[in-house]
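>>> Attaching a predicted model along with its sequence, questions to come.
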Amino acid sequence: MNVLIVGSGAREYSLGLSVSKSPQIKQIFFSPGNGATSKIGENINAENIEDLKNIALDKKVDLTIVGSEDRLVEGIVDLFEDNNLTIFGPSKKASRLEGSKEYMKNFLKKYNIPTAKYISSSSSDELNSFIDNNFKDDDLIVVKADGLCAGKGVLICESKDEAKRESSKMLSGESFGDAGKKVIIEEYLDGYELSLFALCDGKNFKLLPAVQDHKKLLDGDKGVNTGGMGAYSPTSLIDDDMYEYIKEKVCTPTLKGMQEEEAPYKGVLFIGLMLVDGKPYVLEYNVRFGDPECQVLMPLLENDTLDLFLKASTNRLNEIELKIRDKKAVCVVLASENYPFKSSIPAKIDVPEINDEDIHISYAGVSLQGDDLMASGGRVLSVVSSDDTLELAVRKAYKVCDEIEFKGKKLRRDIAFQSLKKN
Ligand code: AMP
Ligand code: GLY
């Protein structure tokens, strides 16, 4: 089978690497891909979803997998399906779960799925009176722009005045343009944040092991937010009972609700959860895999992942028994010198030889200069390792991180610290 993977990050690299192991694979195309995906497939440029559709038709692509949300929210799945192409991802209508926070919060409320108390409005009077009536002076208040803001549209405010100021800056278009024309104010939830992923075929779902992402730049969860500096799975922060509870109280009503909304959910549903005093609250849905979460999930799947994605895309997930390896997986992100503040000067990467099939590197911000692989900015690569225990997986990953060299290499040293401490 020919597979097209849309995107250019370590998430897309790891999807490509995983499906490359399927006995059914013939060729992999990446669009646009990066300096390393060209080693496991062919990179092709596309300007828009129309170009992507033409690539899929031209290269006789049997399955397209979409990495990031923007193309999904734009409607790539509808366009492909109108052209009889098989694609893993939700329709434009279903992608509103990520594309509009107002839609998402109203959906959660309508189907009784636990989430933080909120109001959504485009009137500053309404927002201000919600703030005045629901918060005390020392409460943290969460202010969110309704639309897509590349992960930046959420502010945690320390006073009512700050929350009012930030929401009016959003409404005026000053802070996030059209994405902030509607604003959500919600209560701050203090707990453990987890990422859950369910493969869905519109009706059925298979929940993958829980992942913890490390969004902050610095050790001890300090510093600014990033796209994610590392992840591990499964996490000891949830047990089997909680996992079943999440299936019953979150996944099942979500799938049923989306059917009722005439937007059946197909693809991977990313549920951002906050566990507060042992109870899960949905913070957000995303309509795609997380990065770096995807990098740790792929090695934990014993199934032929190409088969999994294909069955999910064609309403046949119930034909599959999900098989998870009895391992712990960890991913450490190596970022470039100035990440996430500004671009960095390209630097040559030296990578050690790796002879352990439970360790690999998923490449992201890299380019080729002749035969040299260059760190070209952002999150450069992910070192991914799995082993029988989390301790062993972490130790192996950091050994490789230390052996990889490029100027300005930046990483967190404490990935998985909360679960390691708990063991
Ligand atoms: P979102 O895009 O909604 O996931 O928000 C981005 C990040 O903001 C989340 O990953 C959380 O770390 C934080 N966040 C969002 N909503 C809340 C909330 N109600 N309480 C505490 N933190 C939140
Ligand atoms: N790692 C979080 C995300 O992909 O949104």
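Okay, I see it. These numbers were taken from a predicted model, which means no experiment stands behind them. Ligands and ions are numbered 1, 2, ... in the order given.

>>> Please make it C-alpha for all contacts and neighbour counts, starting now.
Noted.

>>> got the residues of the protein near ligand 2?
Counting by C-alpha under 6 Å from any ligand atom, the residues of the chain close to ligand 2 are Asp213, Gly227, Gly228, Gly290, Asp291, Pro292.

>>> Roughly how far does the fifth one sit from Leu171?
Looking back up the chat, that one is Asp291. Distance check for Asp291 against Leu171: by C-alpha to C-alpha, to the nearest Å, it reads 30 Å.

>>> what do you get for the last one?
Here the distance between Pro292 and Leu171 works out to 32 Å (C-alpha to C-alpha).

>>> Check Asp358 too.
Noted for Asp358: a distance of 49 Å to Leu171, by C-alpha to C-alpha.

>>> One more: Gly16?
Computed with C-alpha to C-alpha, the distance linking Gly16 and Leu171 is 40 Å.

>>> go on, Glu81?
Using C-alpha to C-alpha, one gets 36 Å for the distance from Glu81 to Leu171.

>>> Between these two, tell me which one has more neighbours.
A count of neighbours by other C-alpha atoms under 10 Å puts Leu171 above the other of Glu81 and Leu171, at 22 against 13.

>>> Excluding covalently adjacent residues, which one is nearest to whichever residue of the stretch 251-400 of the chain sits closest to ligand 1?
Proximity of the stretch 251-400 of the chain to ligand 1 (C-alpha to the nearest ligand atom) peaks at Glu284, 4.9 Å away. Using C-alpha to C-alpha, 6 or more residues apart in numbering and skipping the chain neighbours, the partner closest in space to Glu284 is Gly272 (5.1 Å).

>>> got a list of what the one you found touches?
Contact partners of Gly272, counting by C-alpha atoms under 8 Å, 6 or more residues apart in numbering, are Glu193, Leu194, Ser195, Leu196, Val282, Leu283, Glu284, Tyr285, Asn286.

>>> any idea of the pLDDT on the fourth one?
In this case it means Leu196. With respect to pLDDT, Leu196 has a value of 97.

>>> That one belongs to a strand?
Yes - with the criterion set as DSSP: H, G, I helix; E, B strand; the rest coil, the secondary structure at Leu196 is a strand.

>>> I'd like to know how many residues surround it.
Applying the criterion other C-alpha under 10 Å, we find 23 residues in the vicinity of Leu196.

>>> For Phe417, see how far away it is.
Shown here: Leu196 relative to Phe417, a distance of 19 Å by C-alpha to C-alpha.

>>> Also the first one?
With distances defined as C-alpha to C-alpha, the gap from Glu193 to Phe417 amounts to 14 Å.

>>> where does the closest residue to Leu15 other than its chain neighbours land in three-state SS?
Closest residue in space to Leu15, ignoring its immediate chain neighbours: Met298 at 7.1 Å, by C-alpha to C-alpha, 6+ apart. Judged by three-state DSSP, the three-state class of Met298 is helix.

>>> List the residues that contact Met298.
Contacts here follow C-alpha under 8 Å, 6+ apart; on that basis Met298 touches Ser14, Leu15, Ser18, Thr305.
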